[in-house]
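>>> Sequence and predicted model, in that order:
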Amino acid sequence: MSQFFNQPIPWPQPQNYPPLPGREGFFPNYMPLPLLSAAVDEAQNNIKAPRPLIFSTALAAIAVAIQGLFDVRKPNGQRVPLSLMLLTIANSGERKSTVENVFLGAIRTVQKQQNLIYQAALNEWKTELHIWETKKKAILKSIHKKAIQEEPSDDEDRRFKALESAKPTKPKQFKLLYEDATSEALFRGLHQDLPTAGLISSEGGGILNGRALNDLSKQNALWSGDSITVDRVSIESYVLADARLTVSIMAQESAFQNYMEQRGEQSRGSGLWARFLVCQPLSTQGSRTIENGTWSSEHGDKFAARLSELLQLNQALMKDSGRAKGVINFSPEASERWLNVFNAIEVEIRPNGRFAEAGDHASKLADNIARVAALFHCFEGFEGDISLDTVNSAINLCAYYSDEFIKLFIPPPQEETDANDLYYYLQNAMIGCMNIPKNHILKFGRPPHLREKSRLNPALEILCQQGRASVFLQGRTTYISLGI
């Protein structure tokens, strides 16, 4: 499937469709998003976890805070939610929990504060409900007695009806984050409490192998903003309308592979994974040296403060779950860019195209771009409509996730994967120098499989064929240089 990786498409690109970002597999380091980028930079400097892992976690927190407040109107006129589904494959030791605590800390803090208020209100409700039930029993007892004696009970009937209409209402819980939850508990929470939530886990094996993703069709419908009917035998059925759910799973590779072996065909066939922004970033373990002992939190604090502002707005949903959402629109320039990318994606679904074997994923890619752009716009507090710069940032980010999706679900031949790994390694290893000895890679290359001649040589040959690297001999030493 080499056509997916840095190979030209065999037919000309339509002139009015700008090409998508290249299939280089690199995470976009620069985005004109001052608040978000600064927080991610700071976390990367402090924690030294893979940048895509950090960014995906921050993006999940943003989506949880915003999805209940706004929708986005795509340039084709369709209005869609801002909910996201994110999957990050990262093994033990990548500091997933530490990253999650940094970016989801503000949500957990507000949720904890609100839970204290909820518990007090719940205790008061239980007392009021007990009084109400006592009165109800007394009235029913009087009605029953008069019915036996064949006496009229008009007064008791009126009191009973009045009492029924005054039944104490159970308070709603400000619960945004669900971790180890069944789909039943998740849907019930969206129905009874807040109509917006995040299914979040830094140890996603529990979610993948649990029951939260059991109702695949309902998960897909929630992502699309559709209503779903929850039918239950033991309790009353209900319709969940206009609810919002963001899913963020960080799972070890073994847990994900186990899930795919058991349910992968079903979940892929249902379209669930096509909606996900997925990544499996290279590990940073072995390069996380401490240059100084300073742990900065300035930008993380600003990130948390912005989240807290948005969470305050979410509290209004406790009183009015049907409150109309704001709508974020595209500027004319951003609209034109999005439409061109939409068409470019469609073209690439053709045979031999970039998405020839990933039509399900491609059909959701432009939608995700619109959602991400709107989240960037809202979180940063940009004025007006979504700008061209913001939509370009979303395009570059989602192109990275797209490449990762194809590598994860439609893996290319090993030598092509090794070639991309080698190119990424060379870009980092050759900072400040023009070339690098081949023996250096055989001794210190990362990932470790690059140290094997049987895998390094074919990967290097591919890079040379693609013009991304060149090899030359100086004395008895073989050197590698980027580009021709």
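That came through fine.

>>> and residue 237, what pLDDT?
In this prediction, residue 237 carries a pLDDT score of 86.

>>> okay, now it: neighbour count?
The burial count assigned to residue 237 is 9, neighbours taken as other CB atoms under 10 Å. (C-beta placed from N, C-alpha, C; glycine too.)

>>> so who does it touch?
Contacts here follow CB atoms under 8 Å, 6 or more residues apart in numbering; on that basis residue 237 touches 229, 230, 231.

>>> how close does the first one sit to residue 239?
When distances are taken as CB to CB, to the nearest Å, residue 229 and residue 239 turn out to be 5 Å apart.

>>> What is the subsequent helix or strand relative to the longest strand belonging to the chain?
Assignment by DSSP state E gives strand 244-251 as the longest strand of the chain. Remark: after strand 244-251, the chain's next helix or strand is helix 253-259, criterion DSSP states H and E.

>>> Mind listing what's buried along that following helix?
For helix 253-259, the neighbour count (16 or more other CB atoms under 10 Å) marks 255, 256, 258, 259 as buried.

>>> how much space is there between the second one and residue 207?
To tie it back to what came earlier, the one meant is residue 256. In this structure, residue 256 and residue 207 are separated by 11 Å, where distance is defined by CB to CB.

>>> can you pull out the strands in the stretch 101-250 of the chain?
Remark: strands of the stretch 101-250 of the chain, listed N- to C-terminal, are 177-178, 196-201, 228-230, 238-240, 244-251; assignment by DSSP state E, counting those that start in this stretch.

>>> And the residue in the chain sticking out farthest from the centre, its phi and psi?
Each residue of the chain has a distance to the centre, and by CA atoms, centre = their mean the biggest one is for residue 149: 65.8 Å. Residue 149 adopts backbone torsions of phi -80, psi 0, taken as degrees, to the nearest 10.

>>> and it, what pLDDT?
According to the model's per-residue confidence, residue 149 sits at a pLDDT of 89.

>>> and the gap between it and residue 215?
Computed with CB to CB, the distance linking residue 149 and residue 215 is 53 Å.

>>> for residue 112, same thing?
As it turns out, when the distance is counted by CB to CB, residue 112 lies 29 Å from residue 215.

>>> Those two: who's more crowded?
Of the pair residue 112 and residue 215, residue 215 is the one with more neighbours under other CB under 10 Å, namely 18 against 10.

>>> So for this protein, the centremost residue is which one?
For the chain, the residue lying nearest the average C-alpha position, counting by CA atoms, centre = their mean, turns out to be residue 86 (3.0 Å).

>>> give the contact list for that residue.
With contact set as CB under 8 Å, 6+ apart, residue 86 has these partners: 56, 59, 60, 246, 247, 248, 249, 276, 277, 278.

>>> Mind telling me the two of these farthest from one another?
Across the contacts of residue 86, the longest distance by CB to CB is 14.6 Å; it joins 246 and 278.

>>> Which one of those two is surrounded by more residues?
Neighbours around residue 246 and residue 278, counted as other CB under 10 Å, are more numerous at residue 246. The numbers are 30 against 24.

>>> Identify the residue nearest that one in space, chain neighbours excluded?
Spatially, and ignoring its direct neighbours in sequence, residue 246 is nearest to residue 63 (4.2 Å; CB to CB, 6 or more residues apart in numbering).

>>> Can you give me the neighbour number for the one you found?
For residue 63, the tally of surrounding residues (other CB under 10 Å) stands at 27.

>>> Relative to the whole chain's centre, how far out is the helix or strand hosting it?
Using DSSP H and E, residue 63 maps to helix 51-66. Computed by CA atoms, centre = their mean, to the nearest Å, the separation of helix 51-66 from the middle of its chain amounts to 7 Å.

>>> Next, the angle from it to strand 244-251.
Put simply, helix 51-66 runs at 160 degrees to strand 244-251, going by axes from the mean of the first three to the mean of the last three CA atoms, to 10 degrees.

>>> Against residue 158, how distant is the residue farthest from the centre of the chain?
In this view, residue 149 and residue 158 are 19 Å apart by CB to CB.

>>> One more: residue 118?
Distance of residue 118 to residue 158, given as CB to CB: 34 Å.

>>> Neighbour count: those two, which is higher?
Relative neighbour count places residue 118 above the other of residue 118 and residue 158, with 19 against 11, counting by other CB under 10 Å.

>>> Can you tell me the closest non-neighbouring residue to that one?
residue 173 (4.9 Å).

>>> ditto for residue 295
Nearest non-adjacent residue to residue 295 (CB to CB, 6+ apart): residue 46, at 5.3 Å.

>>> right, and the secondary structure at the one you found would be what?
helix (DSSP: H, G, I helix; E, B strand; the rest coil).

>>> From residue 288, how far out is it?
11 Å.

>>> And the two? Which one has more around it.
For residue 46 versus residue 288, the count of surrounding residues by other CB under 10 Å is larger for residue 46: 18 against 12.

>>> next structured bit after the helix or strand that residue 462 is a member of?
Using DSSP H and E, residue 462 sits in helix 453-466. In the C-terminal direction, the helix or strand that comes right after helix 453-466 (DSSP H and E) is strand 469-474.

>>> That next one packs against which elements?
helix 414-429, helix 453-466, strand 477-482 (3 or more CB pairs under 8 Å, 6 or more residues apart in numbering; DSSP states H and E).

>>> Ranking the ones you listed by mean neighbour count, which comes first?
Among the helices and strands packed on strand 469-474, judged by mean count of other CB atoms under 10 Å, the one packed with the most neighbours on average is helix 414-429 (a mean of 19).

>>> neighbours around residue 446, how many?
The number of residues packed around residue 446, counting by other CB under 10 Å, is 20.

>>> how far is the longest helix seen in the chain from where the chain is centred?
Ranked by number of residues, the top helix in the chain under DSSP state H is helix 96-148. On the basis of CA atoms, centre = their mean, helix 96-148 is displaced by 31 Å from the centre of the chain it belongs to.

>>> quick one, it and strand 244-251 angle?
Compare the direction of helix 96-148 with that of strand 244-251 by the same axes, to 10 degrees and you get 140 degrees.

>>> Against residue 394, how distant is the residue nearest to residue 246?
Applying CB to CB, one obtains 13 Å for the distance of residue 63 from residue 394.

>>> re the thing from before, how far away is the residue nearest to residue 295 from residue 287?
To residue 287, residue 46 is 15 Å away according to CB to CB.

>>> for residue 351, same thing?
With CB to CB as the criterion, residue 351 and residue 287 are 41 Å apart.

>>> cool, residue 456 as well?
Applying CB to CB, the value for residue 456 to residue 287 is 20 Å.

>>> what sits against the closest residue to residue 339 other than its chain neighbours?
Excluding the flanking residues, the one nearest residue 339 by CB to CB, 6+ apart is residue 75, at 5.2 Å. Taking CB under 8 Å, 6+ apart as the criterion, residue 75 is in contact with 330, 334, 335, 336, 338, 339, 342, 370.

>>> Closest one to residue 283 out of those residues, please.
Distances from residue 283 to these, taken by CB to CB, are shortest for residue 370, at 31.8 Å.

>>> Quick one: residues contacting that closest one.
Residue 370 sits in contact with 72, 74, 75, 80, 330, 338, 394, where contact means CB under 8 Å, 6+ apart.
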